[in-house]
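Enquirer: Quick check, what structure comes out for this input:
(one chain, ligands or ions: 2)
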Amino acid sequence: MRMRIGLSGGIGSGKSTVAGFWREAGATVIDTDAISRGLTATGGAALPAIAAEFGPQLIRADGALDRDAMRALVFADAGAKQRLEAILHPMISAETQAQAAAATTSAIVFDVPLLVEAGLRWRQRVERVLIVDCAEQTQLARVMQRPGWTREAAEAVIRQQARRAQRRACADAVIVNDEGLTLATLRLQVLALAQRWGCGTIAGIGASTHR
Ligand SMILES: CC(C)(COP(=O)(O)OP(=O)(O)OC[C@H]1O[C@@H](n2cnc3c(N)ncnc32)[C@H](O)[C@@H]1O)[C@@H](O)C(=O)NCCC(=O)NCCS
Ligand SMILES: Nc1ncnc2c1ncn2[C@@H]1O[C@H](COP(=O)(O)OP(=O)(O)OP(=O)(O)O)[C@@H](O)[C@H]1O
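Expert: Ligands and ions are numbered 1, 2, ... in the order given. Coordinates of the predicted model:
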């Protein structure tokens with residue numbers, strides 16, 4: 001039987017890192033942030049609608065979405081965020097479903113930053129919800145290391161997202177990825193969880209845990 005796992009957490013919590021360990025273990029990982037970025041890269045299918053809605057100044061000379069400008073706009077203006085989501089979310093959802101339909105592994109991990117914010121819609125599509133959690137200070141420190149990010153920008157995103165307690169309340173399992181947890185320990189926690197959830201037949205898990 002196939003296990004579908006919803007993976008979520010706040011910005012900078014470590015979702016992509018955790019997803020990487022599931023991928024290493026043999027699961028199919030469907031990364032909705034990556035799908036979103038593909039839709040808004042040069043030639044991306046969402047760009048005509050975004051240009052029509054927000055104006056050509058949000059599109060860079062190379063034809064891709066100006067992510068810094070869009071980020072500054074949407075995290076300061078809830079209405080603009082809603083208009084962007086109304087364009088992107090149905091397209092992200094369609095591509096997510098197409099990737100899931102093509103998967104051949106016994107576990108699929110859906111890396112969805114807004115899983116909790118989406119409410120029951122996502123909860124009903126997965127057997128398990130895995131939340132990656134960490135202190136807000138840790139989130140800020142990680143995100144501020146990214147080029148072009150300030151503390152204020154990171155705080156603005158966190159304010160627009162679900163509270164930590166809200167996420168934890170939806171979780172079947174929580175991985176606490178705070179400062180000081182090594183990547184090696186994080187990896188072992190993911191592999192142990194995969195076994196606990198009966199995904200131990202995924203190629204790679206046996207080999208990894210015996211290292
Ligand atoms: C605003 C945009 C252009 C900023 O791009 P940027 O390269 O800075 O960020 P990226 O797309 O890599 O997302 C990084 C993180 O930001 C947070 N985030 C992104 N979109 C949202 C949102 N609509 N609401 C709350 N948090 C969000 C998530 O934690 C996500 O993991 C971009 O995030 C976007 O197009 N967002 C709308 C689509 C969306 O909702 N994506 C997230 C779920 S699939
Ligand atoms: N336990 C850890 N030890 C050291 N570095 C870590 C750890 N967990 C995450 N990181 C680092 O923190 C940064 C953020 O992690 P990651 O990209 O996995 O978060 P994310 O939740 O996917 O972020 P986003 O919400 O922006 O997509 C990365 O540079 C990652 O390498």
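
Enquirer: which stretches of this structure form strands?
Expert: 3-9, 28-31, 107-111, 128-133, 173-176 (DSSP state E).

Enquirer: My guess is residue 10 contacts residue 167. True?
Expert: Yes. Residue 10 lies in contact with residue 167 (CB atoms under 8 Å); the separation is 7.2 Å. For glycine as for every other residue, the C-beta is placed from the backbone atoms N, C-alpha and C.

Enquirer: which residues are common contacts for the two?
Expert: Jointly contacting residue 10 and residue 167 under the rule CB atoms under 8 Å, 6 or more residues apart in numbering are residue 133.

Enquirer: coming back round to it: what about the strands of the chain, which gets the closest to ligand 2?
Expert: Comparing those against ligand 2 with CB to the nearest ligand atom, the closest turns out to be strand 3-9 (5.3 Å).

Enquirer: hmm, back to that, including mean neighbour count, could the strands of the chain go into JSON lines?
Expert: JSON lines is the format used below for the strands of the chain (neighbours: other CB atoms under 10 Å):
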{"stretch": "strand 3-9", "mean neighbour count": "24"}
{"stretch": "strand 28-31", "mean neighbour count": "22"}
{"stretch": "strand 107-111", "mean neighbour count": "25"}
{"stretch": "strand 128-133", "mean neighbour count": "23"}
{"stretch": "strand 173-176", "mean neighbour count": "17"}
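
Enquirer: who in this structure is up against ligand 1?
Expert: 11, 32-33, 36-37, 40, 67, 70-71, 74, 81, 84-85, 88, 92, 113-114, 157, 160-161 (CB under 6 Å from any ligand atom).

Enquirer: With distance to residue 144 as extra columns, can I get the strands of the chain in JSON lines?
Expert: Compiled in JSON lines, the strands of the chain are given as follows (distance: least, CB to CB, whole Å):
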{"stretch": "strand 3-9", "distance to residue 144": "17"}
{"stretch": "strand 28-31", "distance to residue 144": "22"}
{"stretch": "strand 107-111", "distance to residue 144": "22"}
{"stretch": "strand 128-133", "distance to residue 144": "18"}
{"stretch": "strand 173-176", "distance to residue 144": "21"}
